[in-house]
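Undergrad: This is the structure alone, sequence omitted:
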């Protein structure tokens, strides 16, 4: 770089430099000054605003926060559910069981299928619930671990047992006492979801699969195995395979299961961790075998003869989707009556015949046999004793564990 | 707004001002700007402040989050997830170059050679946009399926041996590899490259080409000295429109990729929705934003279109 020597500059150069300082880019004009001071003010104001933000602690109220129950005055209930989780008639416009409920009780059901993903839905309702506001929903359906989180945070209301006689009497023993909601004070099961191993006979090409170990170790399946991005299902199945109980395991057990999965990822055995989109991989044969949800497999099997499933000897995971009444819901009693309605054997059977998930209601088999003999004998819909004995649930996690475990699982899946 | 529609207030008797209508117009530009500014404040400035605040908070859902000026989050996030950052830039950069290589000839064809087919080809370029982004990406799973004809052909031509050696594919498959993600990115963002290229090429005066010919320039020289320099604004805006969204994209990596192709968008999504580590997610978003801003500024300065900065 040349040194700056002002006294050697020609008159023209000095003039140019002066011009640049006053009019050019370097000029300190009124506008640039304004801009700078506005920036400074923004920065100072910004710092203040930054610290003013922050998310308040979750309300730790016991029993949830009720709002004035308008059930008697407004004969309506706002029910948010997952897509394709309700019986539909042939025209695709009517939900027969919901209409029966309305006919009998006079309560109109505003049914919305606006839940697609537990995590996303939590992100959606969190701001309102954290601020103690009404979400506009009287009844929501969430998977057990998220239901547990909402109960832990005090964001759902305690149910009134006197409105739930059928539910109390007919809930299957298997679902009665989850460790996150003993005795079902806050939640009732909508449907159970079994996690099994699904396979594509054509893609397997004679390779025998009987356990999770086969998926993780058999070199002939390299790059053609899928696991679920739902942590509890993938890790739970692995824990079972390692002889551990997913309902009662230590952090070390968890780490060992993650390490086992990591080894399979590192050697290219596991192709992908998927959500519901594993169904397309399985039918196309890109997955020869994968961890899958039984409800999907029952439907896939009906469409394609190559698809089948198996239950490993070590057992399988069962999770539940649960009905909850969020804080400040305005039609709690109506919501409770709807829950109770679906615990009567007849509506429960009609629902089970349509959606093929595990029915949580006792005494449904006879009613279901009237509609669909095969479904009534399918242990994936009405579990028999042997099936129920192999079913395992994932234990509930503390907030700290949840973050820690999800973080480790996220690292395993690539991020 | 109201100043434009309301009648001027009645003057108090004996008021000194006698020409209020002239003064009224002084603020009109600001009133006209108001909707835009409000929009920016509500949908850009406030979320940014909220986001910035989140990135320096600590806490948990139970205890609430408080601003503790915990700047270490930034460093922790960067040191844990730098591979995903590098990967995002590499994939998006490769996809942008591929888009340019594919898009330029097509835009050139539409602008100069298509004749009466011009509108039809334009519709063909835009038509895929009428279906959802997700469905278009999922279609690639069928196209690239392991047992599909495309992968079979690539295998018998031993193309996949070369890409495997380059680390772009794994074994004899394309899906769930970096190549699939790059293909998906290229495909999904190609129209963003073609459209600006087309508009800047289409504006070039055909007589310039004739003049170049008259001055004995060969077609290649004409392209190099006349057409390409004149299309630079299109190249710059096309590459930006492709590169910036491609860097933050997570759908392609999620559906077409595997564990070793996750991009920074995937990390942010996981941290925000699954791990519930909001500060890390916010910090990662800011780092990504800063990185893109830096790269883009550098690129624009180098390419000489400073008015965009």
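TA: Okay, I see it. Nothing here was measured: the structure is a model prediction, and the numbers come from that model.

Undergrad: Would you mind splitting the chain into its domains for me?
TA: With no chain named, the answer covers chain A. Chain A breaks down into these structural domains: A:76-192+A:319-378, A:193-318+A:400-412 (assignment by automatic domain parsing).

Undergrad: Oops, wrong one, chain B.
TA: B:2-46, B:82-308.

Undergrad: Compare those domains and report which one is nearest to residue A:165.
TA: Ranking those by proximity to residue A:165 (C-beta to C-beta) places domain B:82-308 first, at 37.5 Å. Yep, even glycine has a C-beta here, placed from its N, CA and C like the rest.

Undergrad: re the thing from before, packed most tightly, which of the domains of chain B would that be?
TA: domain B:82-308 (a mean of 18; mean count of other C-beta atoms under 10 Å in any protein chain shown).

Undergrad: I'd like the domains of chain B as JSON lines, with mean pLDDT and distance to chain A appended.
TA: Listed next are the domains of chain B as JSON lines, based on pLDDT from 0 to 100; distance: least, C-beta to the nearest C-beta, whole Å:
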{"stretch": "domain B:2-46", "mean pLDDT": "71", "distance to chain A": "9"}
{"stretch": "domain B:82-308", "mean pLDDT": "92", "distance to chain A": "4"}
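
Undergrad: Tell me which of the domains of chain A approaches residue B:48 most closely.
TA: Across the domains of chain A, residue B:48 has its closest neighbour in domain A:76-192+A:319-378 (17.6 Å, C-beta to C-beta).

Undergrad: before we move on, the earlier item: any chance of the domains of chain A in TSV, plus distance to residue B:173?
TA: Formatted as TSV, the domains of chain A follow (distance: least, C-beta to C-beta, whole Å):
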stretch	distance to residue B:173
domain A:76-192+A:319-378	28
domain A:193-318+A:400-412	6
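
Undergrad: Distance to residue B:267 and mean pLDDT added to those domains, as CSV?
TA: Formatted as CSV, the domains of chain A follow (distance: least, C-beta to C-beta, whole Å; pLDDT from 0 to 100):
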stretch, distance to residue B:267, mean pLDDT
domain A:76-192+A:319-378, 14, 93
domain A:193-318+A:400-412, 8, 94
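
Undergrad: Now render these as JSON lines, adding distance to residue B:245 and mean neighbour count.
TA: Shown next, in JSON lines, are these (distance: least, C-beta to C-beta, whole Å; neighbours: other C-beta atoms under 10 Å in any protein chain shown):
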{"stretch": "domain A:76-192+A:319-378", "distance to residue B:245": "21", "mean neighbour count": "19"}
{"stretch": "domain A:193-318+A:400-412", "distance to residue B:245": "22", "mean neighbour count": "19"}
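
Undergrad: Need these in JSON lines (columns: distance to chain B).
TA: Shown next, in JSON lines, are those (distance: least, C-beta to the nearest C-beta, whole Å):
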{"stretch": "domain A:76-192+A:319-378", "distance to chain B": "4"}
{"stretch": "domain A:193-318+A:400-412", "distance to chain B": "5"}
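
Undergrad: do you know which of those lies nearest residue B:91?
TA: Within the domains of chain A, the stretch nearest residue B:91 is domain A:193-318+A:400-412; the backing value is 17.0 Å (C-beta to C-beta).

Undergrad: Strands of the stretch 151-300 of chain A, start to end?
TA: A:187-200, A:225-228, A:270-274, A:289-293 (DSSP state E, counting those that start in this stretch).

Undergrad: again with chain B
TA: Counting by DSSP state E, chain B has strands at residues B:57-60, B:64-67.
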